[in-house]
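**Student:** I need the structure of the sequence given here:
(one chain, ligands or ions: 1)
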Amino acid sequence: MSINFKELANKYGTPYYVYDFDYITNQYNELKTAFKARKSLIAYAVKANSNLSVIKHLANLGAGADCVSIGEVKRALKVGIEPYKIIFSGVGKTDDEIRQALEFGILMINVESAAELDRVEVIAKELGKVARISIRINPNIDPKTHPYISTGLHENKFGVDIDTAKRMYIQCKNSDNLEPTGIHCHIGSQLTQLQPIKESVQIIADLVRNLAAIKIELSFIDIGGGLGIIYDDEKLIDTNEYAQTVLETMFGLDITVVCEPGKFIVGNSGTFITKVLYEKVNGEKRFVIVDGAMNDLIRPSLYNAYHKSEVLNDNKEFSACNLVGPVCESGDFFAKNVQLPKTQHNDLVAIYSAGAYGFSMSSNYNTRGRVAEIAVENGEDRLIRKRETFEDLITLEEEFIK
Ligand code: LLP
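**Tutor:** This next block holds a predicted model:
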């Protein structure tokens, strides 16, 4: 569906994020359908885009939630995702987060170290509860993606090796307060090759079989997220082939498959719209300066990630430039050496594939208010987060001024 970016800019101002909710629906349904041969739970990775309306939209479709802080768990609960569809992952959960997760009665806690399992056991005992445990395996597989978003190698901080995991499952089995429930792996984001996924899921499926042999029966196999999206001209993993390959590794197992997509669901639904302030030339170098900045969309600065950008004018006179924001850092850019047409004050620039890890990684650096977020569904637009004002930014400090 085409979205009228200019109309939205007139109505809501710039910069803004806009998300196509119909696209989100299609992505969710495509994945859910691909797994139809088995019981499955699509637990949306809330970190990718944590806007309550986005999560609510997915909740209405039947999605669960993969959360990485108690704040994300609370977002999921707030919009009506049932506790039995919520998973809590992360290498460093605090006692308080573990306590709250147990009180909420979520589906399972993805435990990432032996030390964490001990803490969960102590806290569950204090509360007189039984904690449903899933253990995150680090399969030591190279996901062939950007090193910053690779998570499945032993050199990464995530999960535990297989021998440690086995000991942890036995501890669960022998404890009155722990119940071995699931197994988990997630090797990285923006995956465009199926082979590393296949290998890692094979490793955890084999472990499920070994555990069954010693009477530890798991109910959920959580294959993580990570399916790549189009930023440039990537060749993507076919969703049906993905599901088929994953399900083949589970042959003979009576187990529910869980997957935790973030980017796949929301990445290509979103566009960041910013407005040209000025152009200038420093020596030979042309700069197009816009009102959005790295604090709004940090992926180019942080990962040198490519996002396709387009100036929404009819000018045919293109030349190379850097597309930059007003923040006081040389790293504040959206694109370097891109061909863009000559611009004028107030021309709009669209930065595509910004629905995942865009707004959710934004900050208030340089005392810049976070931008507005807009949903478009069935041709109707609606504001789903107000633009932050200066007052919003200072409210937690104001009362302490001496
Ligand atoms: N499950 C776990 C345990 C995760 O750590 C992640 C992402 C996901 C699922 C969802 O991954 P996705 O399907 O969205 O790739 N900020 C980076 C991506 C960081 C991903 C962190 N973990 C980026 O902008 O590319």
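
**Student:** the longest helix in this protein is where?
**Tutor:** Longest helix in the chain, counting residues (DSSP state H): helix 194-213.

**Student:** And the next helix or strand past it?
**Tutor:** Toward the C-terminus, helix 194-213 is succeeded by strand 220-222 as the next helix or strand (DSSP states H and E).

**Student:** what angle do the helix or strand just after that next one and helix 194-213 make?
**Tutor:** Using DSSP H and E, the helix or strand that follows strand 220-222 towards the C-terminus is helix 239-249. Interaxial angle, helix 239-249 versus helix 194-213 (axes from the mean of the first three to the mean of the last three CA atoms, to 10 degrees): 30 degrees.

**Student:** to the chain's geometric centre, what's the distance from helix 239-249?
**Tutor:** Chain-centre distance of helix 239-249: 21 Å, with CA atoms, centre = their mean, to the nearest Å.

**Student:** So which other helices or strands are in contact with it?
**Tutor:** Contacts defined by 3 or more CB pairs under 8 Å, 6 or more residues apart in numbering; DSSP states H and E place helix 239-249 against helix 21-34, helix 194-213, strand 256-259. Using the backbone N, CA and C atoms, a C-beta is placed for each residue, glycine as well.

**Student:** rerun at 6 Å
**Tutor:** With contacts defined as 3 or more CB pairs under 6 Å, 6 or more residues apart in numbering; DSSP states H and E, helix 239-249 has these neighbours: helix 21-34, helix 194-213.

**Student:** Out of the ones you listed, which gets nearest to Pro341?
**Tutor:** Proximity to Pro341 (CB to CB) singles out helix 21-34 among the helices and strands packed on helix 239-249, at 27.0 Å.

**Student:** tilt between the helix or strand that the closest one is followed by and helix 239-249?
**Tutor:** Downstream of helix 21-34, the first helix or strand assigned by DSSP H and E is strand 40-45. Here strand 40-45 runs at an angle of 120 degrees relative to helix 239-249 (the same axes, to 10 degrees).

**Student:** Strand 40-45: partners in the sheet, and parallel or antiparallel?
**Tutor:** Paired strands of strand 40-45, with direction, are strand 64-67 (parallel), strand 256-259 (parallel) (DSSP bridges).

**Student:** Any buried residues in the first one, and which?
**Tutor:** By that I understand strand 64-67. Buried residues in strand 64-67, defined by neighbour count with 16 or more other CB atoms under 10 Å: 64-67.

**Student:** With stretch 24-35 instead?
**Tutor:** Quick answer for stretch 24-35 (16+ other CB under 10 Å): 24-25, 27-28, 31-32, 34-35.
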